[in-house]
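[1] Quick one: sequence plus predicted model below, questions after.
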Amino acid sequence: MKSLEELRKEYEDYKARGLKLDMSRGKPCREQLELSMPMLDTLDSKSVMAAEDGTDTRNYGVLFGIPECRALMGEMLGVPADNVVVFGNSSLNVMFDVLGHAFHHGIMGGTPWCRLEKPVKWLCVVPGYDRHFGVSQYWGCENVCVNMLLDGPDMGTIEELVASDEMIKGIWCVPKYSNPTGNSYSDEVVRRMARLKPAAKDFRIFWDNAYGIHHLYDDNRDEILDIISECAKAGNPDMVYEFASTSKISFPGAGVACMAASAANIEDFKKQMNFQTIGHDKINQLRHVKYFRETESLDVHMRRHANILRPKFQMVANIFDDELFEIKNRGLVRWTVPKGGYFISLDVPKGCAKKVVKLCADAGVKLTGAGATYPGGYDPEDRNIRIAPSFPPLDELETATRLLCLCVQLCVAEQDGF
Ligand SMILES: Cc1ncc(COP(=O)(O)O)c(C=O)c1O
């Protein structure tokens, strides 16, 4: 381990470089966006714009999406097309709206959550996705943390909480290649989730399968059980809404999003949709179907994404191994080595996350804010930092990761006092 003086000198050298790097959000990089450009060639002014059932995709209508796009999204999630509704470009938007529906109108004839005497509580698996926590907070929920373990959330705690408190109305889950830990729920966890016995009859699992096909490796992939059929088997067919989108498959700004749920849940949400829109962008739905059915399979396409992302994830892991090895052996830091998804979760020494993020920012490298992976931005141990390797080019990622490691070493050396 280098001395405090050496580390400080190295840090000042980084500062003098005037870096301006951003590793803060899990966005696809330019090369990844280029992969989907041929999709734009699937339709032009001479194309037949009809869906399989003859619907003119240019016109109004078809609230649930064209049948072939529902089928495509259903295949992606492993659920029948009839259980899938296709929306606009953002699944987060759909989650927001489903919560809005529950608050204003209630779920399946239940009391609207905004009329309840006490605030609704929402379970948040931590570390987790900041925007999920923001949505439940926006609607006035009291976010309640439950820890993520190696094979999924702490089910014992979840079972106890939901069974004993009828104000707990839902939970955010990212079951596969989770944001930010990258781990996936085991079969046992999925089954226990499906068998929950919530005190609230209108309790819902928000199953955000955002990274369902986002593997980094061909031969080492996580697969999870289908929550919709597990809930049905467990006698809880209506307890889950599943969400996904092609944001990190085609374009985050112009993909298609979907929700999969039981027929009864879809019928219930339709009451809101009927007022909300006359139909989403069906030309974009057609474009996606044509591309992924006629030009390039989803699997091949995702392998191309993986070929761009894998070296980035591996580089970060290698630098962590080299630079943080000693500190890791002292039990002060740990990080995840995901097989898919968009993030790595780094735990730095307790009380150091904010400081590490600030040191990086002062030297020109922007990371996801410390605390962002907890509701309200409050990480009780001030330990967790979400690493998003996808966006920067490899050389910038290397510089940013080395600086990050230096900042962690600096914090440890300062704590040690030498
Ligand atoms: C877990 C998770 N869900 C949803 C989203 C956003 O999805 P969309 O682009 O479909 O709104 C993200 C983006 O990072 C995410 O990590």
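    Ah, there it is.
[2] which stretches of the stretch 201-350 of the chain form helices?
    227-233, 263-276, 282-290, 298-329 (DSSP state H, counting those that start in this stretch).
[3] Can you tell me what sits against the shortest one?
    Defining contact as C-beta atoms under 8 Å, 6 or more residues apart in numbering, one finds that helix 227-233 is touched by 79, 83, 175, 190-191, 193-194, 205, 207, 237-240, 242, 260-262. Heads up, the C-betas are built off the backbone N, CA and C, glycines and all.
[4] okay, the angle between whichever helix or strand Glu398 is part of and helix 298-329?
    Using DSSP states H and E, Glu398 maps to helix 394-416. Angle, helix 394-416 to helix 298-329, by axes from the mean of the first three to the mean of the last three C-alpha atoms, to 10 degrees: 30 degrees.
[5] which helices and strands sit right next to helix 394-416?
    In terms of contacts (3 or more C-beta pairs under 8 Å, 6 or more residues apart in numbering; DSSP states H and E), helix 394-416 is packed against helix 4-16, strand 21-23, helix 298-329, helix 353-362, strand 365-367, strand 384-387.
[6] Pipe the ones you listed into a markdown table and attach mean pLDDT per row.
    Output for these, formatted as a markdown table (pLDDT from 0 to 100):
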| stretch | mean pLDDT |
| --- | --- |
| helix 4-16 | 96 |
| strand 21-23 | 92 |
| helix 298-329 | 98 |
| helix 353-362 | 98 |
| strand 365-367 | 96 |
| strand 384-387 | 98 |
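[7] between the ones you listed, which one is nearest to Val120?
    With C-beta to C-beta, the closest approach to Val120 among these belongs to strand 384-387: 25.7 Å.
[8] Quick one: residues in contact with the closest one.
    So strand 384-387 is contacted by 23, 127, 179-180, 316, 335, 343-348, 353, 356-357, 367-368, 370-374, 401, 404 (C-beta under 8 Å, 6+ apart).
[9] go again using 7 Å as the cut-off
    Strand 384-387 is contacted by residues 23, 127, 180, 316, 343-348, 353, 356-357, 367-368, 370, 372-373 when judged by C-beta atoms under 7 Å, 6 or more residues apart in numbering.
[10] restrict these to those near the ligand?
    Among the contacts of strand 384-387, proximity to the ligand is found for none (C-beta under 6 Å from any ligand atom).
[11] Could you turn the buried ones of those into a ChimeraX selection?
    Buried subset of the contacts of strand 384-387, written as a ChimeraX selection, criterion 16 or more other C-beta atoms under 10 Å:
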select :23,127,180,316,343,344,345,346,347,348,353,356,357,367,368,370,372,373
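[12] quick one, phi psi at the nearest residue to Val190 once chain neighbours are set aside?
    Nearest non-adjacent residue to Val190, counting by C-beta to C-beta, 6 or more residues apart in numbering: Leu225, 4.2 Å away. The phi/psi pair for Leu225 (degrees, to the nearest 10) reads phi -70, psi 150.
[13] need the contact list for the closest residue to Phe243 other than its chain neighbours.
    Among residues not flanking Phe243 along the chain, Ser91 sits closest, at 4.4 Å (C-beta to C-beta, 6+ apart). For Ser91, the contact set (C-beta under 7 Å, 6+ apart) comprises 208, 210, 243-245, 257.
[14] Please pick the buried ones from the residues you listed.
    Applying 16+ other C-beta under 10 Å to those flags 208, 210, 243-245, 257 as buried.
[15] Quick one: distance of stretch 338-345 to the chain centre.
    10 Å (C-alpha atoms, centre = their mean, to the nearest Å).
[16] Rounded mean pLDDT for it, please.
    Stretch 338-345 shows an average pLDDT of 98 in the prediction.
[17] wouldn't Phe418 be in contact with Glu5 here?
    No. Taking contacts as C-beta atoms under 7 Å, Phe418 lies outside contact range of Glu5: 9.1 Å.
[18] Quickly list what's touching both of those two.
    Counting by C-beta under 7 Å, 6+ apart, nothing touches both Phe418 and Glu5.
[19] Which residues of the stretch 201-350 of the chain lie near the ligand?
    So the stretch 201-350 of the chain meets the ligand at 208, 210, 245, 247, 252, 257 (C-beta under 6 Å from any ligand atom).
[20] Can you name the residue of the stretch 251-400 of the chain nearest the ligand?
    Ala257 (4.8 Å; C-beta to the nearest ligand atom).
[21] wait, what's in contact with that residue?
    Here Ala257 is in contact with 87-91, 94, 245 (C-beta under 7 Å, 6+ apart).
[22] Now with 8 Å, please.
    Applying C-beta under 8 Å, 6+ apart, the residues contacting Ala257 are 86-91, 93-94, 243-247.
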